[in-house]
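Visitor: Here's my sequence, what's the structure:
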Amino acid sequence: MSVANKIFSNTLWQVIIRTINILIGVFSLALITRILGQTGFGFYTTVFAFVQMFMILADLGLYLALLREISSVEGRKQESKVVNNIFTIRLIASLAVLVFAPLVVQVFPYDQAVKTGVIFFSFAFFFQSLVSTLTAVFSKKLAMPKVAIVDLFNKLIFFLSLAYLFTIGGDLNTILIIASVVNGLSFVLLCLFLRKYVSLNLAWDFKYWKKIFYYTWPLAVTVVLNLVYFKADTLVLSIYHSLESVALYGAPYRVLEVLVTFPHMFMSLILPLFTAAWIKNNIDKVRGLFQNTFDLFSIIVVAMIAGTWLVSKPIMILLAGQEFAASGSILNILVLATASIFFGTLLTYLVVALQIQRQMIKYFLISAIVGMIGYFIFIPLYSYWGAAYMTLLVEVLIWIFAYMVIRKHIQLKLKYNVLLKSVLAGILMFIAGWLIKDINIILTILVSAVVYILTLYFTKAVDKQLIKEVFKRKNI
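Guide: Next up, the predicted model:
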């Protein structure tokens, strides 16, 4: 099977399973908002943002470190050594978060419901952090559909539990406890799949740890700075404005978080190929991989923006209820930030492959400073609008800075044919959808999608030769 075919197969299966996951996640969001109401969902959003902030701190760049390290070795013994040492580091960091997050939240001016919720929800992110790090093994083995299955198991069990709570009545703490239990079960399932590739144990090779820390400290710093501008908006909003405002911002923000899993999922498959091509000094291969991924992201992003602008308000009402109608306008802004994250992810993963993370630190710092200043100026004045527009600005800055750094080492020579054809398709898609948007939301989505796909086909936006390549079964 060709490399292109393996990537296609992995991505196709993930897209299928993750599409199901997104649908389940959508229904779960609908249940949570209806179980908790606007105020309760404001509590939920604040708890989620606070714990996620701490768990991102514990990442230390270990996922990318594991992905790169395991891509550079062969054989079960060597792979197990890499995985076990990095897993042990991650376990210690996650345990630290489990202890300190409930303590630190006590000094914040939050309602007691938030402080108690952080205790319960910390366990969910503890197990999730372990799963996310070990995912790198499946990326190297091109076995990501197994990770998608674990995620499907997680989403399905959580949804069924929420459906039961919806019928009998539930509260915030019950939802958070269920989330923690389900994430624990997902970790166990992932470990069962993992046994095929490595023997998971604790490892204490401190010399190797030193090597990992030397490699990951730039990643760790960028993760911390990334955290400042990616999660601080919700926390600042929760300090200055009502829980209702936090809820209205949190609902579309959860949509954003679901959508941005795709570029990370896809780039985890491309990173080993980027790295191998760069090590071999195969610049044309690096450019080709970058161009193809840029084209794919262009097609996805344009459809995502046009589709969201068409149905944002009815979608948010459908998802979260009439109370969240105002979230539709916020989603229109956040989808632009999501589009920036797609291209930013492509560029930052290339930065990792080129091993020039240190050069990005100052730019992440600039972005974090701009973000924090903007949050504290505009959120008190403009509430969630200030948060949304500042999030967009910072995400755009990130990919601009990443592109500037990469250009010092490699000229990418991008072609914009597919992007321009996608924009044309998006315009026609939007016009077609706008003409029938008051008839039925499902009909609007279907007609718009058909117009978009047909326009891409007739303008030859997709390389037919590449499609043939991904279906080849012979080795290259």
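
Visitor: what is the rounded mean pLDDT of stretch 153-160?
Guide: Regarding stretch 153-160, the rounded mean pLDDT is 91.

Visitor: likewise stretch 352-372?
Guide: Taken as a whole, stretch 352-372 has a mean pLDDT of 84.

Visitor: and that stretch, C-alpha only, in CSV?
Guide: Presented in CSV, the C-alpha positions along stretch 352-372 are these (Å, rounded to 0.1, in the frame of the first residue of the first chain):
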residue,chain,number,x,y,z
VAL,A,352,8.5,21.2,14.6
ALA,A,353,9.7,19.1,11.6
LEU,A,354,12.3,21.6,10.8
GLN,A,355,13.4,21.7,14.5
ILE,A,356,13.1,25.5,14.6
GLN,A,357,10.7,25.7,17.6
ARG,A,358,13.1,28.0,19.5
GLN,A,359,12.7,30.7,16.8
MET,A,360,9.0,30.7,17.4
ILE,A,361,9.1,31.4,21.1
LYS,A,362,9.4,35.2,20.8
TYR,A,363,6.5,35.2,18.4
PHE,A,364,4.3,33.2,20.7
LEU,A,365,5.3,35.6,23.4
ILE,A,366,4.3,38.6,21.3
SER,A,367,1.0,36.9,20.5
ALA,A,368,0.4,36.1,24.1
ILE,A,369,1.1,39.6,25.2
VAL,A,370,-1.1,41.1,22.5
GLY,A,371,-3.9,38.6,23.4
MET,A,372,-3.8,39.3,27.1
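
Visitor: what separates that stretch from the chain centre, distance-wise?
Guide: 18 Å (C-alpha atoms, centre = their mean, to the nearest Å).

Visitor: likewise stretch 109-124?
Guide: Between the mean C-alpha location of stretch 109-124 and the chain-wide mean there is a distance of 23 Å, by C-alpha atoms, centre = their mean.

Visitor: And the contacts of that stretch?
Guide: Stretch 109-124 is touched from outside by 43-44, 46-48, 50-51, 54, 97-98, 101-102, 105-106, 108, 172-173, 176-177, 179-180, 182-184, 238-239, with contacts defined as C-beta atoms under 8 Å, 6 or more residues apart in numbering. Every C-beta, even on glycine, is put in place using the N, C-alpha and C of the backbone.

Visitor: now stretch 191-200
Guide: Counting by C-beta under 8 Å, 6+ apart, the neighbours of stretch 191-200 from elsewhere in the structure are 76, 79-80, 83-84, 87, 134, 137-138, 141, 143, 146, 149-150.

Visitor: which of the residues in whichever strand or helix holds residue 292 are buried?
Guide: Element membership of residue 292 [criterion: DSSP states H and E] is helix 283-320. Buried positions in helix 283-320, judged by neighbour count with 16 or more other C-beta atoms under 10 Å: 286-287, 289-290, 292-313, 315-317, 319-320.

Visitor: and if you look at stretch 70-83?
Guide: For stretch 70-83, the neighbour count (16+ other C-beta under 10 Å) marks 70-71, 79-83 as buried.

Visitor: Isn't residue 55 up against residue 127?
Guide: No - with contact defined as C-beta atoms under 8 Å, residue 55 and residue 127 do not form a contacting pair (10.3 Å).

Visitor: In the contacts of stretch 191-200, find the pair that's most separated.
Guide: Longest distance between any two of the contacts of stretch 191-200 is 23.4 Å, between 84 and 149; criterion C-beta to C-beta.

Visitor: And for residue 91, the neighbour number?
Guide: 16 (other C-beta atoms under 10 Å).

Visitor: Could you do the one 10 residues further on as well?
Guide: Residue 101 is flanked by 23 other residues according to other C-beta under 10 Å.

Visitor: Give the full set of residues in contact with it.
Guide: Here residue 101 is in contact with 50-51, 54, 118, 122 (C-beta under 8 Å, 6+ apart).
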